[in-house]
Each structure stands twice: as C-alpha cells, then as structure tokens.
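> coords please:
(2 chains)
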Amino acid sequence: MAKKRHFAGYAACWVSGVLTLLVCLAIIIFLVLKGAHVLNWRFLTEDPRPSLNEALTGGILAPLIGTVFLTTLGICFALPWALATAIYLAEYAEDTPWVKTLRTGIDVLAGVPTIVFAIFGLAIFTHPGLAFFSTMVEGVENARAFGRSFLVAAFTMAMMVLPFVAKSIEEAIRAVPVTYKEAAFALGISKWRTIRMVILPAAAAGIITGVVLGIGRIAGDTAIVWLCLGGSMTLTGPQPWWEPQNWLATLQNTGSTLTTYIFYSSPAGEGNSPNKAFGAGLVLIVIILALNAVVDYLGRFTRLKEE
Amino acid sequence: MVPEGSPAQTAVAGKLAAGKEPAFQTVVVSARRRSIKEAGIEKALFAFTILSSILIFLIMFFVISKAIPVLQANGFSFVFSGGWDEHFVNAWLAPAGEPSWRFGALPLIAGTLYTTAGALLIALPFGLGCAIFLTELCPARLRKPLESTVRLLAAIPSVIYGLVGLLVVVPLIADQLISNELALQMINVCALDGTSLLAGMIVLSMMIVPIFIALAADALAAVPRRYKEASLALGVSHWRTIVKVMLPVARNGILAGAILAAGRAIGEAIALSMVTGSVANLPSVRHGLVFFLEPMRTLASTIIDNAEGMSVATCEAALFACASFLLVACIILSLFARLAAGGIQRKGGAAGG
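Residues are numbered from 1 along each chain as shown, chains lettered A, B, ... in the order given. Now for the predicted structure:
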C-alpha cells in the first residue's frame, strides 16, 4: 500500500520534470520549424513594409536595429545607477533598519509589472518640460510632449532592470574573498581605491553576468516598447539614420524592436503575417539563447574561481 | 584562503603600485583631502541608492494620483460594475466640453483573478513535482541540462509564449472543444473562437512555472543535509523523507516562490492580450463548463489593448486606475513574499512582460 503511494509520487515527479524539458524543447523546435524557411539574408536586411500580401511585407532590419539601440541605451542608463547602488549596499551600508527599508524598496521594485513601468514612463515623459527626450506634439491646445522615443523607452527600461542588475552585482561584490580587501587595506589603500582597483576587477565576471541578464530582460520586453516606443514599424527619425547629425534625432523619434514586430505581425496585431512573426521569433530566441549561454559560461568561471 | 605570494595577491599589489599614490612628504596634507573625497564618494553612492529605492514611491504616487479622478467619479462601482468596452468608447467619442467619466472594471478585475488562480492551480503542483525531481530524484547526468532548461524557460520573452499560444493552443481549443452548435448557442453572449480563459490559463501557467520551480528548488536545496540524513538513518524511506521532512522545512521558501509567481501572473500583459481574445467580457459560471471557453481580458492586457486611448484625459485616467490596482496588488504580494522567506533572492532569469 505504502509502496504504491511512493510509486505514484515518484512517477508524478518524473513526469513533471521530463515534461518541463519537453515543453522547452517543443517551443524551440516549433519556432525553428516555422521560422527557418522565412529566414534568409533579405529577411534580415530589409525594412518592414505595410502590405496585405505577406510576401511583400519586407524584413526585420528596422526592428533588429531598434533592439540593438534599445538594449545598448537601456543598459548604459541602468549600469552606472545599478553599480552605485550595489557598491553602496555591499560595501558601505550597515545593517540598520533604515538600510533595510531601502532594500525593501528596491526589492518591491523588482516585483512591479513591466506594464506599470510602461504607463509610468509614458505619463512622465509626455510632460512638456521633458520634451527633449521625445518630440513636441504640434497643434494641440495643452502643450504636451509625444512621450514615445528610444530615449524614453530606454530610460523606462533602465528603471525596470535596475533592481535585477543591482542585486546581481551586489552578490558578485559580496562573493569577492575578504582577504583581497584586507590585503589592500593593510597596504594603506583608501576604501574607494580598494573598491575600484581590487574589488570591482575581482567581481568583473559577476558584474558582466548582471549586465547580460539586464540585456536579456530589455531585449525580451514588449509592454514598455509598445507603450513608450509606439507602434510604428520603421525608424521614424530623419533618414539616413547613420549620418552623425541624425543620431540624436533618431533616438528622439520612434521605431520598433523584435518583440513589438512579433506582436504586430502575429494574428493578434494589425500586420497579420504570422510567418514573419515566426521568423522574428526565431531570431529573438537565438539572441536569448546566446545571452543565456554567456551567463552559463560566466557562472562556471566565477564558481571555478571561488573553489 | 589566498596563500602568501599567490598570483592573485601579486596581481593586486602590482596594480596598486602602478597607480599614482602621493609621495611620502605630502601624505599628511593629502590624507585630509583624501578623507573628504572618500566621504564625498560615499555620499554620492548613497544618493544613487536612495534614488533607486525612492523610485517605487514615485511610481506609486504618480500612478495613483493620475487614477484618482476616475476612482472618485465612480466610487465602488468602478470595482463592482461591468461594461468597460462600452464606457471606453463613450469616453473616447465624448465631445470636448462634456467628458464621460463612467467606467466599470469588474470584468477586468475578475478576469485577472480567474487567470491568475487558474494558472497557479496548474503551475503549483506541476512545479513542485519538478522541483522535487530536480533536487532529489533526477539522475546526476540530467540535473545540469534540466537546470539550464528551467533558466531558459524563464528567459523566453512573453511575446513568444503569446505567439506560440495563439498559433498552437488557441486553434487546439477551437478544434477540440468548441463545436458549431455550441458557438451558435452562445452567439448572443460572446464569440467562441478559441481565444479564451482556458488558453490564457494554460499559457500563463507555462510562463510562471519556471520561476516557481527555481525558487522551490532553491528552498529544497537549502534544507540542511543533516535533517535528511537523520531521517534516512531512522529507516524512513526516501519518499517519506521528502514529504514529511524536507517539504515542511522548505515550506516558507516554497510559499514565497508561489507568491512571487502569482505576482508575475497578475502583471502579465502581452501574452494574455494575444490569447484571451481582448474582449472585456465576464465569463459566467452559469454557462457551465463554457465558462472556460469564453473570451475575456485582464487589467494588464487592457492597458496594452486600449493604449491608443491615452490621448483622451478620461481614458488615460481609467487606464491609470487599472495600473494602480495592479501596482498595489503586486506590492502587497512582494511584501508578503519577503515576509514569508525573510528576504528571499529573486531568480527570474531574463524575462519581461
């Protein structure tokens, strides 16, 4: 009797474990099967075009560029901020109730849904005083900024990934053996210099892991892009965007990323070209897989060093 | 830990020697300047930290203050009455002089609760089984790939779950569960085309299960080894040890994982907007099992679907009211999770809403 119950329990655990593996494999294989035949050089180097005929809807060049812009900008905004927070919490903060409150605040921030960040970012950056980040809306009674641009989306993304990046950097700093720090102090080195020259280099792998996690979250997010970058599929700044005098204007204007391209092209969006959506999905999942592989590799590296 | 003259220490010393430390004579003067600089740096770092943790209060203040006009105009009927879609169109089309402030979000709030509860019902037993398998039962060879898989599942963007759900789960439901007669019978209530509460529950459970597995597995792995060994030494079987010793000890961590998974489920917008049909319809229990097949919409996906209404003040305030409900719910859940686990680490991987 008891034996039978054990067997049922074992079986249930085995089934759920193996099923998890299978679901993950199934999603990836499904994307590869559906997306591989759309994927070619032209798909990657053409801009999307609005068309009812799926064959004429172009490629994903603009969304790809948008993803690169947004992840780069977002992590550039987030990293200094997260680094400062993590250094303070790991090296300077004492364990007082006051510091605990700060930690709770950052922890709660990690649980806020991205859609709330998105609507918050949109509302803040439509304030006319912040029109620099996007463009002004012309011909409206109450002055308001458009509130949708790469700069706005990148700043909102930075707020969204901040708690995750900060947490992972803090863990990396805490993992640095205390003997390194003691050696530096014994040589009479000041605290900040010790942090800069000894602790941060020793924690480099962990810091890069945090950055890569942040990049993955930014590249995979849709809600913030949809609200703060808008629904236009191509770059709306002055063309050609690669001319230096157009760089700032490009970032002040809107565009798209792979995630919004998938949303727009899926049957749920207006584009309705599911094959293109699968192609873009495959590209996105390859990017995410690559980022995950980097995290795995760096994780092994830091573990080896600790042993 | 690091022996004298080890490469690491030599490297550290070398790096420090290369830097420009002040000459011996000026040490006293520069020491004071240095301590001022040190204090300044600490203050600057502290300012950034304050900024990070004050952000949550800024968001709360801003979102809720924008939502107040709608909440005041409707009072409790915002929560207890329906008709969102109709109200939204009215507010959108209202002439500039006489804005329409009437909104009822009952279908959205109920929809959020239904999808979250359904996803948790599917994900928790399954995820717990998987966590036990991962930490206790699986062959050593399988453990590493399984861990990577869980991490990867957590990192898959929600729009991809939405896409796969829309093109696999939804047609499956439409073909297998919805007959023409049933669709005709329900034609006056809503269109049954496969985008449904059930599809939302299935897709959402797939999205939250990796987070729960990661946290539950961490909690199980943190159970002190001697507890397990003591139990096994008493002749208790492995399975009974898991159920009677390890699960009770890891209970708080598992609970925190479940709460965080619930928080993620409440806030999920894009995938649910794709698979649940985007209609502010309240599935009714009176229809029997058809309840699960009716289209619906959650608070979060409403913000995505009605985002074009942001240019009208009334619609904007209504969307902020939705966001403030989400925000308050998620903050409460986060605090409970913290309480349950005493500051558990968040392991979400690279996934967004």
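> can we go C-alpha only for contacts and neighbour counts from here?
Will do.
> My guess is residue A:84 contacts residue B:49. True?
Yes. Between residue A:84 and residue B:49 there is a contact under Cα atoms under 8 Å: 7.0 Å.
> more neighbours, these two?
In this view residue A:84 and residue B:49 are compared by other Cα atoms under 10 Å in any protein chain shown, and residue B:49 has more residues nearby, 26 against 23.
> what pLDDT does residue 276 get?
Picked chain A for this. Looking at residue A:276, its pLDDT reads 84.
> wrong one, chain B
With respect to pLDDT, residue B:276 has a value of 87.
> cool, and residue B:28?
We have a pLDDT of 60 for residue B:28.
> Which residues outside the helix-or-strand element of chain A with minimal mean pLDDT are in contact with it?
In chain A, the helix or strand scored least confidently by mean pLDDT, DSSP states H and E is helix A:247-252, which has a mean of 78. Residues from elsewhere that reach helix A:247-252, judged by Cα atoms under 8 Å, 6 or more residues apart in numbering or on different chains: A:132, A:133, A:134, A:135, A:149, A:150, A:151, A:235, A:236, A:237, A:238, A:241.
> So the third one is in contact with residue A:149, correct?
Read it as residue A:134. Yes. The pair residue A:134 / residue A:149 is scored as a contact, 5.3 Å apart, by Cα under 8 Å.
> all helices for the stretch 151-300 of chain B, in order.
B:158-164, B:170-176, B:180-185, B:197-221, B:225-233, B:238-241, B:247-249, B:251-267, B:270-275, B:299-305 (DSSP state H, counting those that start in this stretch).
> For those helices, state which one has the densest average packing.
Of the helices of the stretch 151-300 of chain B, the one with the most neighbours on average (mean count of other Cα atoms under 10 Å in any protein chain shown) is helix B:270-275, at a mean of 30.
> per-residue pLDDT, residue A:304?
Looking at residue A:304, the pLDDT reads 49.
> Which strands and helices lie in contact with the helix or strand harbouring residue A:101?
Assigned by DSSP states H and E, residue A:101 falls within helix A:97-110. With contacts taken as 3 or more Cα pairs under 8 Å, 6 or more residues apart in numbering or on different chains; DSSP states H and E, helix A:97-110 sits against helix A:150-174, helix B:27-74, helix B:313-341.
> just checking, next helix/strand downstream of the first one?
In this case it means helix A:150-174. Moving toward the C-terminus from helix A:150-174, the next helix or strand (DSSP H and E) is helix A:178-186.
> And chain B, is that following helix touching that?
Yes. Helix A:178-186 reaches chain B (Cα under 8 Å from any Cα of the partner chain) through A:179, A:180, A:183, A:184.
> now swap in stretch A:196-210 and tell me
Yes. Interface with chain B: stretch A:196-210 contributes A:197, A:198 (Cα under 8 Å from any Cα).
> In that stretch, which residues are buried?
If you call a residue buried by 16 or more other Cα atoms under 10 Å in any protein chain shown, then stretch A:196-210 has these buried ones: A:197-200, A:202-210.
> Switch those over to CSV, and while doing so, append pLDDT and secondary structure to every line.
Below are those laid out as CSV (pLDDT from 0 to 100; DSSP: H, G, I helix; E, B strand; the rest coil):
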residue, pLDDT, secondary structure
A:197, 89, helix
A:198, 90, helix
A:199, 91, helix
A:200, 91, helix
A:202, 90, helix
A:203, 90, coil
A:204, 89, helix
A:205, 87, helix
A:206, 87, helix
A:207, 90, helix
A:208, 90, helix
A:209, 88, helix
A:210, 89, helix
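> interface residues of the stretch 101-250 of chain B facing chain A?
Counting by Cα under 8 Å from any Cα, the positions of the stretch 101-250 of chain B adjacent to chain A are B:126-127, B:129-134, B:137-138, B:146, B:149-150, B:152-153, B:155-160, B:163-164, B:166, B:239-240.
> how does it look with 7 Å?
B:126, B:129-130, B:132-133, B:146, B:149, B:152-153, B:156-157, B:159-160, B:163, B:239 (Cα under 7 Å from any Cα of the partner chain).
> out of the residues you listed, who has the most neighbours?
Comparing these by number of neighbours (other Cα under 10 Å), residue B:130 comes first, having 32 neighbours.
> now the helix or strand hosting it against helix B:251-267, angle please.
Secondary structure from DSSP H and E places residue B:130 in helix B:106-132. Orientation check (axes from the mean of the first three to the mean of the last three Cα atoms, to 10 degrees): helix B:106-132 against helix B:251-267 gives 140 degrees.
> Against which helices or strands is helix B:106-132 packed?
Applying 3 or more Cα pairs under 7 Å, 6 or more residues apart in numbering or on different chains; DSSP states H and E, one finds that helix B:106-132 contacts helix A:2-35, helix B:197-221, helix B:251-267, helix B:299-305.
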